[in-house]
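Novice: Need coordinates for the below:
(chains A and B)
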Amino acid sequence: MSLKVIVDWDVCQDHGQCVISAPEVFALGEDGRMHVLIEEPDEALRSKAEDAADVCPVQAITLQG
Amino acid sequence: MASQRVLVVGAGLAGLRTAEALRANGYGEEILVVGDETWAPYNRPPLSKEALSGDLSHEKLVFRVRANAADVTWRHGVSARSSDLDARHVTLSDGEVVPYDALAAATGVSARRLPIPGPPPTAAGGRHVIRTLDDAIALRAALVPGARVVVLGAGFIGCEVAATARTLGCEVHCVAIDAYPMLRPLGVELAAELRRRHEAQGVTFHLGVGVTAFEGDDHVTGVVLTDGTSLAADVVLEALGSRCNVEWLEGNGLDLSDGLLTDAALRPVRDGVALDGLAGAGDIVRFPNARFDDRAWRVEHWNVPTDTGRRAGAVLAAYLAGEGYDAVVNQPWELLPSFWSDQFDVRLQSYGMPGLADPDGIRLLEGDLHDECVIGYHRGEELVGVVGVGMLRVVNGYRDRVGRARDAM
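Specialist: The predicted model follows:
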């Protein structure tokens, strides 16, 4: 099963820490809001995506697969 | 060959990340984590922020455990009483003696209490602290509209609770010995600006004063200050910093004067020699961080448990594997402290160690101090910290420039 990134947008507070860990997967827009760039990242990005989930201050990121 | 056991003492974020890192670095045998709280590891910063006025459930705050650490054994509600590091065993609060092959110390900190007599220092006595989920649940119940709340201490946690309590409709007084709230980490100008913003929301500060007495018998009714002021109180929060939970490590010749002194591989140091098979993680470790200087610092910022836990797990896994240990220990490693604070509609985001700045080394880098801004903290020419008031994208852009010699890069 491929890796899937799920963000709970009710929980996300746009801290942007995930962007620092995985800039390929997450971005902080000009509007100050978080965006997911790749919902099903390549396996090579798994470690970075896991780091991003770990460092989310409000634990809004879940990984599946 | 007999199976191996890693004992992790402390079941908070640092203990969790240490256990995960042991697995990520190839250690496949027993991991036992013990911790004094009854809860699985959960996220503490929200306890003084949005969770205090919203959903204070463990379910919302619990950390997800990586799949590789699903087989870790957790024992909650048990603490370490003492340890014999030469004999390699730890005695738990229930009397059990647990032998280990490697040990991680991740016992964190407790809230410091004022050594002043008065009503019982418990939630039932109206005297609160905020460190654990149980603390927050008890405090939340007391923060009813109209309650007279006296916050002792104007650091980040004190100011966060002051803001939250005000938002909940409480009458809030904040008392501190410093001349401004959050003065030491932020410097005068930003601290004064944040004081103004708190006051605009109705928080009353009593600064440059201490506490001489608590009033009340079974329940606190007031707080007497060193200038003679008497503040009526239904709720008192003691937000006066922390003390390290390292008593269980006493008697082993370690330097426990401010947390647990370690080397850059997070190995405790005894008589100048690093001890193998041991590692510290989280708020208790005082370690040299090559990003800033050669001195050992203890930093209670949010990312420290994660970053030190990963390092501790990697070092212990290499030690137990018996190969590649020196390479892991000597691997260059550094850490950029990071934390955030929410107070009313203000979000602060800090990177680095602003407290290391020279008194005249604090400068506005971007924006407007009275609106959104980024402040730079300098030690000589070195940028040692940045703090954003809002402006998250901008302050994030300064991260890589924080620390020794980075200006030259």
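
Novice: nearest spatial neighbour of residue 35, skipping sequence neighbours?
Specialist: By default, I'm working from chain A. Distances taken as Cβ to Cβ, 6 or more residues apart in numbering or on different chains put A:A27 closest to A:H35, at 4.9 Å, once the chain neighbours are dropped. The C-beta positions use only the backbone N, C-alpha and C, and glycine is treated the same way.

Novice: let's do chain B instead
Specialist: Closest to B:G35 by Cβ to Cβ, 6+ apart is B:A11, at 2.4 Å.

Novice: if we can go back for a sec, the residue nearest to A:H35 belongs to a helix, doesn't it?
Specialist: No. Using DSSP: H, G, I helix; E, B strand; the rest coil, the assignment for A:A27 is strand, not a helix.

Novice: From B:A105, how far off is the residue nearest to B:G35?
Specialist: For B:A11, the distance to B:A105 (Cβ to Cβ, to the nearest Å) stands at 12 Å.

Novice: Of these two, give the one with the bigger neighbour count.
Specialist: B:A105 (34 against 27; other Cβ atoms under 10 Å in any protein chain shown).

Novice: Not counting its own residues, what contacts the lengthiest helix in chain A?
Specialist: For chain A, the helix with the greatest residue count under DSSP state H is helix A:46-55. Contacts to helix A:46-55, defined as Cβ atoms under 8 Å, 6 or more residues apart in numbering or on different chains, come from residues A:3, A:5, A:17-22, A:24-26, A:41, A:59, A:61-63, B:17, B:64, B:66, B:303, B:306.

Novice: Could you pull out the buried residues of that helix?
Specialist: Using 16 or more other Cβ atoms under 10 Å in any protein chain shown as the test for burial, helix A:46-55 gives A:48-55.

Novice: I'd like these as JSON lines, with distance to B:L32 and pLDDT appended.
Specialist: Formatted as JSON lines, the buried residues of helix A:46-55 follow (distance: Cβ to Cβ, whole Å; pLDDT from 0 to 100):
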{"residue": "A:K48", "distance to B:L32": "30", "pLDDT": "94"}
{"residue": "A:A49", "distance to B:L32": "29", "pLDDT": "95"}
{"residue": "A:E50", "distance to B:L32": "24", "pLDDT": "93"}
{"residue": "A:D51", "distance to B:L32": "26", "pLDDT": "92"}
{"residue": "A:A52", "distance to B:L32": "29", "pLDDT": "95"}
{"residue": "A:A53", "distance to B:L32": "25", "pLDDT": "94"}
{"residue": "A:D54", "distance to B:L32": "22", "pLDDT": "92"}
{"residue": "A:V55", "distance to B:L32": "26", "pLDDT": "92"}
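
Novice: where exactly do the strands run in chain A?
Specialist: A:4-7, A:26-28, A:34-36, A:61-64 (DSSP state E).

Novice: tell me what the third one is packed against?
Specialist: The one in question is strand A:34-36. strand A:4-7, strand A:26-28 (3 or more Cβ pairs under 8 Å, 6 or more residues apart in numbering or on different chains; DSSP states H and E).

Novice: Would you list the strands that that strand pairs with, along with their directions?
Specialist: strand A:26-28 (antiparallel) (DSSP bridges).

Novice: can you give me how far the strand it pairs with is from the chain middle?
Specialist: Centre-to-centre, strand A:26-28 and its host chain are 8 Å apart (Cα atoms, centre = their mean, to the nearest Å).

Novice: ditto for stretch A:4-23
Specialist: Counting by Cα atoms, centre = their mean, stretch A:4-23 comes out at 4 Å from the chain centroid.

Novice: is that stretch anywhere near chain B?
Specialist: Yes. Using Cβ under 8 Å from any Cβ of the partner chain, stretch A:4-23 reaches chain B at A:14-17, A:19-20.

Novice: Most neighbours out of those residues, which is it?
Specialist: These, ranked by neighbours (other Cβ under 10 Å): first place A:Q17, 25 neighbours.

Novice: give me every residue that touches that residue.
Specialist: A:52, A:55-57, B:338.

Novice: circling back: so which of the buried residues of helix A:46-55 is the closest to A:D31?
Specialist: A:A52 (20.0 Å; Cβ to Cβ).

Novice: Distance-wise, check the closest one relative to B:L336.
Specialist: 16 Å.

Novice: how many neighbours does residue 25 have?
Specialist: Chain wasn't specified; assuming chain A. Neighbours of A:V25 using other Cβ under 10 Å come to 23.

Novice: That was the other one, I meant chain B.
Specialist: 18.

Novice: Now do the phi/psi pair for the nearest residue to it once chain neighbours are set aside.
Specialist: In space, and not counting its chain neighbours, B:N25 is closest to B:A317: 3.6 Å by Cβ to Cβ, 6+ apart. When read as degrees, to the nearest 10, the backbone of B:A317 gives phi -60, psi -40.

Novice: Can you verify my assumption that B:A317 contacts B:E29?
Specialist: No. The pair formed by B:A317 and B:E29 falls short of the contact definition of Cβ atoms under 8 Å, at 10.4 Å.

Novice: Give me the buried stretch members for stretch B:69-84, please.
Specialist: B:69, B:72, B:74, B:78-80, B:82-83.

Novice: anything in that stretch near chain A?
Specialist: No. Applying Cβ under 8 Å from any Cβ, one finds stretch B:69-84 out of contact with chain A, separated by at least 11.7 Å.

Novice: gap between the two ends of that stretch?
Specialist: For stretch B:69-84, the first and last residues are 27 Å from each other (Cα to Cα, to the nearest Å).

Novice: do the same with stretch B:298-308
Specialist: Stretch B:298-308: ends 11 Å apart by Cα to Cα.

Novice: what about the strands in the stretch 201-350 of chain B?
Specialist: B:204-207, B:211-215, B:222-225, B:230-232, B:235-238, B:242-244, B:260-261, B:269-270, B:273-274, B:278-280, B:285-288, B:296-298, B:338-343, B:346-352 (DSSP state E, counting those that start in this stretch).

Novice: in the fourth one, what's buried?
Specialist: Within strand B:230-232, the residues that qualify as buried are B:L231, counting by 16+ other Cβ under 10 Å.

Novice: Minimum distance to chain A: which of the strands of the stretch 201-350 of chain B has it?
Specialist: For those, proximity to chain A was assessed by Cβ to the nearest Cβ; strand B:338-343 is nearest, at 6.2 Å.

Novice: from what I can see A:E24 touches A:L45, true?
Specialist: Yes. The pair A:E24 / A:L45 is scored as a contact, 5.7 Å apart, by Cβ under 8 Å.

Novice: can you list residues touching both of the two?
Specialist: Joint contacts of A:E24 and A:L45 (Cβ under 8 Å, 6+ apart) are A:I38.

Novice: Next one: B:E250 from B:R197, what distance?
Specialist: Taking Cβ to Cβ, one finds B:E250 at 43 Å from B:R197.

Novice: Right, I'll call it a day here.
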